[in-house]
Structures are given as structure tokens and as C-alpha cells.
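In: Prediction below, plus the sequence it came from.
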Amino acid sequence: MSENNRKQYRALERIVKGFANHRRIEILDLLKKEPELSVADVSEKLNINFKTASEHIRRLHIADLVLKRYEGNNVRHKITNRAQSILKFLRILE
């Protein structure tokens, strides 16, 4: 197997690990319906701890599934096109 193929597989693994959690899928679904939410907004709407929401969003961002937009002291989040595709794929699996 070539090094290029290995890199591609590792990149795919990073993406899959990024959404391989029920809370992260729930966050993606929420951000699809309500883009531009802050971590505090996500935490409140899903009734989860702020630190937990922050860590999940951080992991989604690392996997390039969530974009961050800085607005003064606030950070707003929205899902990427890839995350939209993943949500469609997950609906097929249901």
C-alpha cells in the first residue's frame, strides 16, 4: 500500500472519529437546523454541560465538520458541507 493511500485512510479515520459519538451527531443535527450557535447555546439547547459541549465541538472542528466564526468575544458555529453529507448518510442508515 502506498503512503498516499495510508494518508487518505487516516484522513477518513479522522473524519469518522469526529462524528462517531451520539452527542456529536446530535450537535451536528442541531447546527444544521440552527446555524451560528455558540457553545453556550448548544449546551443550553441540548441540556448538556458547557465543557462537554465545548469538547465535542472542538472534536467536530478538528474533523472539519464544524466551522467557527469569531464575533467579538463570541464564537459562532455552523456545519460544513461534509457534515451535511454525513448527516444525509446517517439518515440512510436509520
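Out: Alright, I've got the coordinates.

In: quick one: contacts for residue 68?
Out: By C-beta atoms under 8 Å, 6 or more residues apart in numbering, the contact list for residue 68 reads 61, 75-77. Every C-beta, even on glycine, is put in place using the N, C-alpha and C of the backbone.

In: Most widely separated two among those?
Out: Greatest spatial distance in the contacts of residue 68: 61 and 76, 12.2 Å, computed using C-beta to C-beta.

In: In a helix, residue 41, correct?
Out: Yes - counting by DSSP: H, G, I helix; E, B strand; the rest coil, residue 41 is located in a helix.

In: Name the nearest residue to the residue nearest the centre of the chain, sequence neighbours excluded.
Out: Using C-alpha atoms, centre = their mean, the residue of the chain that lies closest to the mean C-alpha position is residue 60, 3.2 Å off. If the residues on either side of it in the chain are set aside, residue 60 comes closest to residue 66, at 4.1 Å by C-beta to C-beta, 6 or more residues apart in numbering.

In: what about that neighbour, distance to residue 37?
Out: Distance, residue 66 to residue 37, by C-beta to C-beta, to the nearest Å: 10 Å.

In: residues shared between the contacts of these two?
Out: Joint contacts of residue 66 and residue 37 (C-beta under 8 Å, 6+ apart) are 31, 77.

In: What residues sit buried inside the helix of greatest length in the chain?
Out: Counting residues, the longest helix in the chain under DSSP state H turns out to be helix 3-19. Buried residues in helix 3-19, counting neighbours by 16 or more other C-beta atoms under 10 Å, are found at 15, 18-19.
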